[in-house]
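Undergrad: the sequence isn't on hand, but the structure is:
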């Protein structure tokens, strides 16, 4: 992440993650932030230490009820694009909700298919 406020607006305010802890390696508010966030069982570490030209990451997050989660996000008043659930395997089952965070990282919320 390159912007603390933007990261918190997206991950906490929009997606509903909670901040478990924050750390700065120097005792200064200007020091880059490193934090752990959680949504259910999904734990993500975000940091402002990455170089501006660092490649984006792709994170797959399993969820139960991906369509309900998507519907919830679509109902939230937000500046972020409204997501949708798609069928990436052309199996007739919409299982994945793909989002790009403000830092160009790919988040794939997916629901396992139980046959």
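TA: Cool, got the structure. Computed from a predicted structure; not experimentally measured.
Undergrad: next, count neighbours for residue 63.
TA: Other residues within reach of residue 63, judged by other CB atoms under 10 Å, total 19. Using the backbone N, CA and C atoms, a C-beta is placed for each residue, glycine as well.
Undergrad: pretty sure it contacts residue 40?
TA: Yes. Applying CB atoms under 8 Å, one finds residue 63 in contact with residue 40, separated by 7.1 Å.
Undergrad: gap between residue 10 and residue 83?
TA: According to CB to CB, to the nearest Å, residue 10 and residue 83 sit 12 Å apart.
Undergrad: so which bits of the longest helix seen in the chain are buried?
TA: Determined from DSSP state H, the single longest helix within the chain is helix 66-75. Applying a neighbour-count criterion of 16 or more other CB atoms under 10 Å, one finds 66, 69-70, 73 buried in helix 66-75.
Undergrad: where do the strands sit along this structure?
TA: 18-24, 33-39, 42-47, 58-62, 85-86, 96-100, 106-110 (DSSP state E).
Undergrad: quick one on the thing from earlier: higher neighbour count, residue 10 and residue 83?
TA: Neighbours were counted for residue 10 and for residue 83 using other CB under 10 Å; residue 10 has more, 21 against 18.
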